[in-house]
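*Asks:* any chance you could fold what I've pasted below:
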Amino acid sequence: MKNSQLKILFLFLLLAAAMPLFGQVVPKGMETVASQILGAFNGPIMITIETICVIGCAIAYAYSKDNEKMKKSMIAIGVSIIVIGVAGSIVDNVLAAAK
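*Replies:* This is a model prediction of the structure:
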């Protein structure tokens, strides 16, 4: 691994170890704002937009016959859209399992 990759990995592990400290210093008003933001990303409008984007990626993938670079891009975009769509439930399941 390169030196910069090791620094990023170390920083990620350091932030993961410090996460319990962040839960103690968050004001009560910020919790409602955070839940509203999460609701915006998990609401029916966002689900409709994500569904349309996934359908667009599938159509672009189907019609790019010889362009392998575009196919790889469409797969990456489609997977990222799906991860964004289920991120809230992934976090809820992880936190429920941690209790």
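*Asks:* and the helices in the chain?
*Replies:* Here the chain has its helices, by DSSP state H, at 3-25, 28-42, 44-63, 68-98.
*Asks:* give the contact list for the most centrally placed residue in the chain.
*Replies:* Computing the C-alpha centroid of the chain and ranking residues by CA atoms, centre = their mean puts I84 first, at 4.0 Å. By CB atoms under 8 Å, 6 or more residues apart in numbering, I84 lies in contact with 41, 50. In short, each C-beta sits where N, CA and C put it, glycine included.
*Asks:* if we use 6 Å, what do you get?
*Replies:* For I84, no contacting residues are found, by CB atoms under 6 Å, 6 or more residues apart in numbering.
*Asks:* give me the pLDDT value at the residue lying farthest from the centre of the chain.
*Replies:* In the chain, counting by CA atoms, centre = their mean, D66 sits farthest out from the average C-alpha position, at 30.1 Å. Taken from the predicted model, the pLDDT recorded for D66 is 76.
*Asks:* quick one, phi/psi of it?
*Replies:* Main-chain dihedrals, D66, degrees, to the nearest 10: phi -110, psi 0.
*Asks:* how much space between it and G78?
*Replies:* Using CB to CB, to the nearest Å, one gets 19 Å for the distance from D66 to G78.
*Asks:* where does this protein have low pLDDT?
*Replies:* Along the chain, segments meeting pLDDT under 70 span 1-2, 20-28, 99.
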